[in-house]
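K.L.:
what follows is a predicted structure for the sequence shown.
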Amino acid sequence: MKIKAKTMKRLWAVGREYGLSKEDMHELSILELSEEHISKLSEEQAKYLIDRIQGKNVSRPAPRGMATNSQKKYIKDLAEKLGWGDNPKRLSGFLKKYAKTDSIDWLTSYQAGKVIEGLKKMSERV
């Protein structure tokens, strides 16, 4: 989702509050997110930068099109609910069969959604 005007204003305000110049902000955007133009940041990326400027220890958002951190966490939680927590090969095999990848880190957002739905249906039967 494209950055909202309110979030853009907040990002620039936090940058000024911490003494960052326009060039510093662009450099931070490039170094942290590989995005040259701040106006092209997603809402999640902008919030990440705000937190980083404020010194908070936050995890980097997923690249565009890739599974979000919350989707990955939900998949792991569902796998745990199915009793796969002590055998990571179960989840890996499920991903390989239904998403054509064996790592949760390589899922696209769309694939993650499909995996979540499949795991939810399986957990309903258990």
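P.N.:
The structure has been received and is ready for your questions. Numbers count the residues shown, from 1 in each chain.
K.L.:
check which residues of the least confident helix or strand in the chain by mean pLDDT are buried.
P.N.:
Within the chain, no helix or strand scores below helix 22-33, which has a mean of 86 by mean pLDDT, DSSP states H and E. For helix 22-33, a neighbour-count test (16 or more other Cβ atoms under 10 Å) marks 25, 28, 29, 33 as buried. From N, CA and C alone the C-beta is placed, and that goes for glycine too.
K.L.:
just the CA atoms of it, as CSV, please.
P.N.:
Provided in CSV are the C-alpha atoms of helix 22-33 (Å, rounded to 0.1, in the frame of the first residue of the first chain):
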residue,chain,number,x,y,z
LYS,A,22,16.7,15.8,3.2
GLU,A,23,19.8,14.1,1.9
ASP,A,24,20.1,12.1,5.2
MET,A,25,16.6,10.9,4.8
HIS,A,26,17.1,9.8,1.2
GLU,A,27,20.3,8.0,2.2
LEU,A,28,18.6,6.3,5.1
SER,A,29,15.8,5.2,2.7
ILE,A,30,18.4,3.8,0.3
LEU,A,31,20.5,2.0,2.9
GLU,A,32,17.6,0.5,4.9
LEU,A,33,15.1,-0.3,2.2
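K.L.:
chain center to the helix or strand hosting residue 13: distance?
P.N.:
Element membership for residue 13 (DSSP states H and E) is helix 5-17. Computed by Cα atoms, centre = their mean, to the nearest Å, the chain-centroid distance of helix 5-17 equals 21 Å.
K.L.:
got the buried residues for the helix or strand following the least confident helix or strand of the chain?
P.N.:
Toward the C-terminus, helix 22-33 is succeeded by helix 43-53 as the next helix or strand (DSSP H and E). For helix 43-53, the neighbour count (16+ other Cβ under 10 Å) marks 44, 45, 46, 47, 48, 49, 50, 52, 53 as buried.
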